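Chemist: Provide a 3D model corresponding to the input given below.
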Amino acid sequence: SSGINAEWPLRPGTMSPAPRIELGDITVHNIKQLKVLNQVVFPVSYNDKFYKDVLEVGDLAKLAYFNDIVVGAVCCRVDVQECKRKLYIMTLGCLGPYRRCGVGKALLDHVLKIAEDDGQIDALFLHVQISNNEAIQFYENCGFKIIDTKKDYYKRIEPADAFVLERSLK
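Modeler: Residues are numbered from 1 along each chain as shown. Now for the predicted structure:
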């Protein structure tokens, strides 16, 4: 793995270093790890085109490693809506046992930095199932606001409605 390394300080009373979170590129060699992760984390399945597109977005897609184990990922794309460029977070997920360890925050900070460095992106946005309180809380804590509800956004899962959350950069 390569990229951002969020070293944690030594744990009090120990001489062992705390867990390491690193972000790495998604390639043809590890895309299957992303597929497995998404199958475990999300209630919806993504088609082959999704994974083909992920390979084309470069730094907008990353795997998260926790002590060298893949535990999370983010996949984004740039959307243009009403003459505004927005970064759409297609997926951002982390395996249950590794939540609240800084993995999601590291992934979100990575895409936020890309958006801010770009200078032409007005906002980040995403969809969250209306019953996913843990995700809603995470994004609200990170400065996102619920701006809309999409009825019947999801197919074959209940509830089918999604909130649209957005964080403005302008």
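Chemist: who are the packing partners of whichever strand or helix holds residue 72?
Modeler: Using DSSP states H and E, residue 72 sits in strand 69-81. Packing partners of strand 69-81 (3 or more CB pairs under 8 Å, 6 or more residues apart in numbering; DSSP states H and E): helix 31-41, helix 48-54, strand 61-66, strand 84-94, helix 103-118. C-betas here are computed from N, CA, C, even on glycine.
Chemist: highest mean neighbour count out of the ones you listed?
Modeler: strand 61-66 (a mean of 25; mean count of other CB atoms under 10 Å).
Chemist: okay, angle between it and strand 69-81 too, please.
Modeler: Angle of strand 61-66 versus strand 69-81, following axes from the mean of the first three to the mean of the last three CA atoms, to 10 degrees, is 150 degrees.
Chemist: circling back to that earlier point, tilt between the strand holding residue 72 and helix 103-118?
Modeler: Orientation check (the same axes, to 10 degrees): strand 69-81 against helix 103-118 gives 40 degrees.
Chemist: name the residues that touch strand 69-81?
Modeler: For strand 69-81, the external contacting residues (CB atoms under 8 Å, 6 or more residues apart in numbering) are 26, 30, 33-34, 37-38, 50, 53-54, 57, 60-66, 85-95, 98, 103-104, 107-108, 110-111, 121.
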